[in-house]
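Visitor: quick one: sequence and predicted model below, then my questions.
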Amino acid sequence: MSEFFTPSIIASITALCLSFITLFQFFKNQRFQQKQFDKNLNRSLTTKLYDLRLKHYPKAYEITDLIRKKKGGDYDINEIKEVLEALIDWKKGIINLIISIESRDSYYTLRDVLMKNPAQQESFSKEQVEKIYNAHKSFRKQLRRDLGFMYREERLRRK
């Protein structure tokens, strides 16, 4: 009788092991497919985000290009006011949805610095000039960094 059960027990244990292996492989494959789906979904959303940034960020560069020192190392107060108004108008709407946290913080820093009244009647103090210069540089750097992620991803994909 033990001879009769031995082949059937071996066969059933083998079938059970194969079932567990198949089940494990199924769940592993399902997890891999879910990760691929999430990755593709994120990539398409990221692509849309970059497209919107490529459409709207150049306007910020055009606006901030107007921030330039005149002879003597000072800024024109009227130009600064125009830039400030243009930046505030630029940020309204869709920009609030697509701008990164770092760029947004940098924008607020630049906006706050530009909102300060000049120290003297018709000119900014050296400290104000330095703050405007640094905030302007930082804002543009953050906008470039927002778009730089796209190029970094492309570089990694090519390797």
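Guide: Noted; the coordinates are in hand.
Visitor: surely Ile88 and Leu110 touch.
Guide: No - using Cβ atoms under 8 Å, Ile88 is not in contact with Leu110, being 10.9 Å away. Where C-beta positions appear, they are placed from N, C-alpha and C, glycine not excepted.
Visitor: okay, the two: which has more neighbours?
Guide: The residue with more neighbours, out of Ile88 and Leu110, is Leu110; 26 against 14, by other Cβ atoms under 10 Å.
Visitor: need the contact list for that one.
Guide: Leu110 makes contacts with Thr64, Leu87, Ala135, His136, Ser138, Phe139, as judged by Cβ atoms under 8 Å, 6 or more residues apart in numbering.
Visitor: mind telling me what element it is part of?
Guide: Element membership for Leu110, per DSSP states H and E: helix 101-115.
Visitor: who are the packing partners of the longest helix belonging to the chain?
Guide: Counting by DSSP state H, the longest helix found in the chain is helix 2-64. Using 3 or more Cβ pairs under 8 Å, 6 or more residues apart in numbering; DSSP states H and E as the contact criterion, the elements in contact with helix 2-64 are helix 77-91, helix 95-98, helix 126-158.
Visitor: would you list those in TSV and tack on mean pLDDT?
Guide: As requested, the helices and strands packed on helix 2-64 are exported to TSV (pLDDT from 0 to 100):
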stretch	mean pLDDT
helix 77-91	93
helix 95-98	92
helix 126-158	82
